[in-house]
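> okay, sequence plus prediction incoming.
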Amino acid sequence: MAITDDEIAVIRAALDQSARPLLFFDDDCDGTTSFVQLYRYKKEGKGVPVKASPVLDKKYARKVEEYQPDLIFVLDKPMVDEAFFDAVKTPIIWIDHHKPQDVSKWKNVRYFNPRIHDDKDNRPTTYWANKVAGGPLWVATVGAVADWHVPDYLDAFAEKYPDLLPPKRDRAEDLLFHEESKVGRLARIISFNLKGTVQETMKSVLVLTRIETPYEILNQTTPRGKYLYKKYAHLAAKYEALLHRAKAAAKKDDPVLLFTYSDDSMSLTSDLSNELLYLFPEKLIMIARKHGGEYKYSLRSAGKYEIPPMLDRALHGVEGYGGGHTYACGACVKENDDDKFVAAIRTQLKK
Ligand SMILES: [Mn+2]
């Protein structure tokens, strides 16, 4: 049943009345495009990308103290630490589409999540931000598709930007990974622009708020479009090289595609695992980045394997941790236990 129109109106009214909003957002494409829409609508306020953790924790209360907002948004973060809520007295609007959370303890917090009304409705945050702020349409579309959702406004998008879509457009994975899909390209351009330090991320995000049409980026027709494209292109070279090696690691009769790489600066693991799943939907995808004596895994399956129970068993007696969704998980394993971990996953596939 969605986040209702009444609820959308409540969110919009609060944003209209605010003079100085502070917006925390998840540093993925969905979180970022949610921020871009609300910020462009309001033309005031400050954004803070929340990196490296699904939790908005207490240290972000300092940002509130520094900025002294009259309204706080939390966008696309699955969890907020109780200590953050305890420390912050400003009114908070939290919009998310992950597992619903109970915020009844805090009178200043209003929580909006489509799953409260219908657990199967997990349309992304950017979809609701579009309802609040009314686009830009291309920003709302790229953000939704990046979160594996084909929005009901795709037809409107297709009318305006027919050249940005691939021939097949019913599945999010085709929109994301078909080589002719410019929507997919834009999702990757945004995703790669979010890598790096908070300062680097925020610089790119603010540039993105000033882009008027997607062609500025795709065709590099303005300095700001060029800026975003350049940062993307730099990482894309690295990404393509890794993708090439990972594809070569796929063995015909092996149900697992296992690929590890080392890189001290940048994680491309989640981007890689998603594209490899598109290319090898029959396989269990296991991509890991070796960093600081640990392997950091992304595990993906297209529906053939339910990952969390397998992961729990494989982590038994192993120094490491992990978890996530049914078909997409993350895990972290100490270098010395990696062989044992991989073997325990493989044993379960044989059953
Ligand atoms: Mn999301």
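Ah, there it is.

> now for residue 316, how many residues are close by?
Residues contacting residue 316 under the criterion other CB atoms under 10 Å number 10. All C-beta spots, glycine's among them, are computed from the backbone N, C-alpha and C.

> now do the contacts for it.
Residues in contact with residue 316, defined by CB atoms under 8 Å, 6 or more residues apart in numbering, are residue 344.

> what separates it from the ion, distance-wise?
When CB to the ion, to the nearest Å is the yardstick, residue 316 and the ion sit 31 Å from each other.

> could you do residue 235 as well?
In this structure, residue 235 and the ion are 21 Å apart, going by CB to the ion.

> residues contacting that residue?
Taking CB under 8 Å, 6+ apart as the criterion, residue 235 is in contact with 192, 195, 266, 268.

> was I right about the last one contacting residue 239?
Yes - under the contact definition of CB atoms under 8 Å, residue 268 touches residue 239, with a separation of 5.4 Å.

> compare these two (neighbour count), which wins?
The residue with more neighbours, out of residue 268 and residue 239, is residue 268; 22 against 19, by other CB under 10 Å.

> need the per-residue pLDDT for the more buried one.
Turning to residue 268, the model gives it a pLDDT of 89.

> likewise the one 10 residues further on?
Here the pLDDT value assigned to residue 278 is 93.

> cool, and the one 3 residues further on?
Looking at residue 281, its pLDDT stands at 94.

> residues in contact with residue 129?
The neighbourhood of residue 129, defined by CB under 8 Å, 6+ apart, consists of 33-35, 37-38, 75, 95, 140, 143.

> in helices, which of those residues fall?
Filtering those for membership in helices, criterion DSSP state H, returns 33-35, 37-38, 140, 143.

> just the closest residue of this protein to the ion, please.
Closest approach of the chain to the ion (CB to the ion) occurs at residue 30, with a separation of 3.4 Å.

> can you name the residues that contact that residue?
76, 124-126, 143-144, 146-147.

> excluding chain neighbours, what is closest to it?
Computed as CB to CB, 6 or more residues apart in numbering, the closest residue to residue 30 that is not its neighbour in sequence is residue 147, at 4.1 Å.

> ok, now residue 229?
Once chain neighbours are set aside, the closest to residue 229 by CB to CB, 6+ apart is residue 220, at 5.0 Å.

> doesn't that neighbour fall inside a strand?
No - residue state for residue 220 (DSSP: H, G, I helix; E, B strand; the rest coil) corresponds to coil; a strand is not indicated.

> reformat the contacts of residue 235 as TSV; add secondary structure.
Rendered in TSV, the data for the contacts of residue 235 read as follows (three-state DSSP):
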residue	secondary structure
192	helix
195	coil
266	coil
268	coil
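
> most neighbours among the ones in helices among the contacts of residue 129, which one is it?
Within those, most neighbours by other CB under 10 Å means residue 33, with 35 neighbours.

> find the nearest non-adjacent residue to residue 73, please.
Using CB to CB, 6+ apart and skipping residues adjacent in sequence, the residue nearest residue 73 is residue 23, 4.3 Å away.

> distance of residue 170 relative to residue 178?
12 Å (CB to CB, to the nearest Å).

> those two: which is more packed in?
Using other CB under 10 Å, the more surrounded residue of residue 170 and residue 178 is residue 178, with 18 against 8.

> OK, contacts around that one?
166-168, 184.

> 7 Å - rerun?
With contact set as CB atoms under 7 Å, 6 or more residues apart in numbering, residue 178 has these partners: 166, 168, 184.

> and those, which of them are buried?
The neighbour-count criterion (16 or more other CB atoms under 10 Å) marks 166, 184 among the contacts of residue 178 as buried.

> adding distance to the ion and secondary structure, write the contacts of residue 178 out as TSV.
Conversion of the contacts of residue 178 to TSV gives the following (distance: CB to the ion, whole Å; DSSP: H, G, I helix; E, B strand; the rest coil):
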residue	distance to the ion	secondary structure
166	22	coil
168	23	coil
184	17	helix
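
> which SS class is residue 290?
Assignment for residue 290 (three-state DSSP): strand.

> where does it land on pLDDT?
For residue 290, the model assigns a pLDDT of 93.

> give me the number of residues near it?
15.
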